[in-house]
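Chemist: Output the structure for:
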Amino acid sequence: MVEALPGWRYRPRGGADSGQCSSDLVHVLHSQAAKPSHSFFIEKRSLTRRRASLLIVQSLIGLGLLAVWALAVDLSDVWQTLAQARWPIVIAAAMISVCSSFVRAARWRLILRPVARVPLWEIWLITLVSSLVNFVIPVRSGELARAVLLKQRRRVPMSASLPTVAIDRSFDLLAVLLLGALGAAIGIRLDPRLTMVLALGGVLMLVFAALVIVAIASGDWAVRLAERLFPPQLGVALRERSLGVLKGVIAGFTAIGRRPADIFRLLMLSLAASLLDAAMFYCLFFSLGAILPPSVVITGYAVYVLTFIIPGAPGYIGSAEAFGSLVFGSLGVAPALAASTIVLGHALNALFLAITGGLSIWLLGLKPSETVRSLSSAKIEEPGLETENVIGP
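Modeler: The predicted structure is shown next:
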């Protein structure tokens, strides 16, 4: 059962309303919940087929990128460089990854606070499970996994939790863009191809900033604009649910905008998590005997993360090696060293997610088969749950 926060009011199913809600956040989230219809399930099957087709295409592209990468680098030099790895430093890099995931869990908990109060340790475990799911099935399934697990464990409606996940990911994007822009500002020379990636990220940051400003200034106007822009070709059910999530994001930003202190905390947590990730890369380079300027590592990490905007194959096979080697190689890192560091980081990340994700599944008392079925059958509507919340000033 979701715990109430001070200043919040809950209306049990069938109970009488005790007053008018002073916040639009959860009201908007739950108002988007519609009862499933026959057309919804038809569209859902179609969406599942499209996701499967997309996953096949992504896998083929990933294998192609891996083949191109293998031809572009000297694999013998890569293996020779990897053989020099100092494993105590690699283990230290893994510990830094643990800290980074914990900081991100604290950030999501802060965003989730207007919806539900969940212990930090539980949020952390859910985040680790979702990261594992997203690594294995990189079609943004990790974001859905967070919402599904919160619904199973805390009865938090998916229509309420999904917007918080979107906001959480937005702050990740904002942090890496700030770090990338800082690197460009202090004179780090970027390859024209990397400049295009950074420019694309800049456009996304402007969209993010515009969404925040519009949500704070006039959320109703933003909702009306979204209703006009969303194409009717999506289908009635899918369009309504997509609009519901977007309205929830807008309402969430509106609530956060009323708390400047929370915005500052979220930004600081995001920057801290990104800097910890960059420190992990620095340790990996150092473990291979290379000492690079921190500004180069931070800038390379920021641009490298932006390449994950492009959907990858399961496990990000191919895309991680190709884009990572390209990014750090373009910043002046020796090709063999750049490729070796990315391979080492990719393998370390896979091992880290397998251990922490698997351990989190066990600690949460989950059954993998049931979790997979829950993800495949998840739907955003919550027709039976009536919840009202009052957010204090």
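Chemist: in this structure, what spans have low per-residue confidence?
Modeler: Scanning the chain with the threshold set as pLDDT under 70 gives 1-51, 138-140, 184, 187-198, 200-202, 204-205, 208-209, 211-258, 368-393.
Chemist: Could you identify the helix or strand that succeeds the host helix or strand of Q152?
Modeler: For Q152, the host element (DSSP states H and E) is helix 141-154. Beyond helix 141-154 in the direction of the C-terminus, DSSP H and E gives the next helix or strand as helix 158-185.
Chemist: what is the orientation angle of that next one with helix 141-154?
Modeler: Counting by axes from the mean of the first three to the mean of the last three CA atoms, to 10 degrees, helix 158-185 lies at 140 degrees to helix 141-154.
Chemist: Could you list every helix and strand that helix 158-185 packs against?
Modeler: helix 25-31, helix 87-112, helix 141-154, helix 192-229, helix 236-257, helix 260-287, helix 294-306 (3 or more CB pairs under 8 Å, 6 or more residues apart in numbering; DSSP states H and E). Where you see a C-beta, it was placed from the backbone N, CA and C, and this is true even at glycine.
Chemist: follow-up on the earlier one: which strands or helices does the helix holding Q152 pack on?
Modeler: With contacts defined as 3+ CB pairs under 8 Å, 6+ apart, helix 141-154 has these neighbours: helix 120-136, helix 158-185, helix 368-377.
Chemist: which ones are touching H346?
Modeler: Listed by CB atoms under 8 Å, 6 or more residues apart in numbering, the contact set of H346 reads Y316, A320, E321, G324.
Chemist: phi, psi of it?
Modeler: phi -70, psi -50 (degrees, to the nearest 10).
Chemist: before we move on, what about R117?
Modeler: The phi/psi pair for R117 (degrees, to the nearest 10) reads phi -100, psi 110.
Chemist: mind checking how far it is from S270?
Modeler: Going from R117 to S270 by CB to CB, to the nearest Å gives 22 Å.
Chemist: Between those two, point out the one with more neighbours.
Modeler: Neighbour count, other CB atoms under 10 Å: between R117 and S270, S270 has more, with 23 against 15.
Chemist: Surely the more buried one touches F171?
Modeler: Yes. If you go by CB atoms under 8 Å, S270 and F171 touch, sitting 4.3 Å apart.
Chemist: shared neighbours, these two?
Modeler: Common contacts of S270 and F171 (CB under 8 Å, 6+ apart): R107.
Chemist: buried ones in the helix holding Q152?
Modeler: For helix 141-154, a neighbour-count test (16 or more other CB atoms under 10 Å) marks S141, G142, E143, L144, A145, R146, A147, V148, L149, L150, K151, R154 as buried.
Chemist: Same check on stretch 330-339?
Modeler: Residues of stretch 330-339 classed as buried by neighbour count (16+ other CB under 10 Å): S330, L331, V333, P335, A336, L337, A338, A339.
Chemist: Next, format those residues as TSV and append distance to P260 and secondary structure.
Modeler: Shown next, in TSV, are these (distance: CB to CB, whole Å; DSSP: H, G, I helix; E, B strand; the rest coil):
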residue	distance to P260	secondary structure
S330	38	helix
L331	36	coil
V333	40	coil
P335	46	helix
A336	48	helix
L337	43	helix
A338	41	helix
A339	44	helix
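Chemist: ok, of the buried residues of helix 141-154, which one's closest to G62?
Modeler: For these, the residue nearest G62 by CB to CB is S141; the value is 15.9 Å.
Chemist: doesn't V78 make contact with S340?
Modeler: Yes. Using CB under 8 Å, S340 is in contact with V78, at 5.0 Å.
Chemist: and the two? which has more neighbours close in?
Modeler: Using other CB under 10 Å as the criterion, S340 and V78 rank with S340 on top: 27 against 23.
Chemist: ok, now which ones touch W108?
Modeler: For W108, counting by CB under 8 Å, 6+ apart, the contacting residues are I123, T127, R146, T164, V165, D168.
Chemist: I misspoke; the intended subject was C283.
Modeler: Counted by CB under 8 Å, 6+ apart, C283 has contacts I89, V90, A92, A93, I96.
Chemist: mind giving me TSV with the residues you listed and columns for distance to A83 and neighbour count?
Modeler: Formatted as TSV, the contacts of C283 follow (distance: CB to CB, whole Å; neighbours: other CB atoms under 10 Å):
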residue	distance to A83	neighbour count
I89	15	15
V90	13	19
A92	19	16
A93	17	22
I96	23	20
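Chemist: if we take those, which one ends up nearest to S53?
Modeler: A93 (36.5 Å).
Chemist: Would you quantify the distance from the closest one to L284?
Modeler: For A93 relative to L284 (CB to CB), the value is 5 Å.
Chemist: any common contacting residues for these two?
Modeler: Shared contacts of A93 and L284 (CB under 8 Å, 6+ apart): G345, L348.
Chemist: Now stretch 307-320: buried residues?
Modeler: Under 16+ other CB under 10 Å, the buried positions of stretch 307-320 are T307, P311, G312, A313, G315, Y316, I317, G318, S319, A320.
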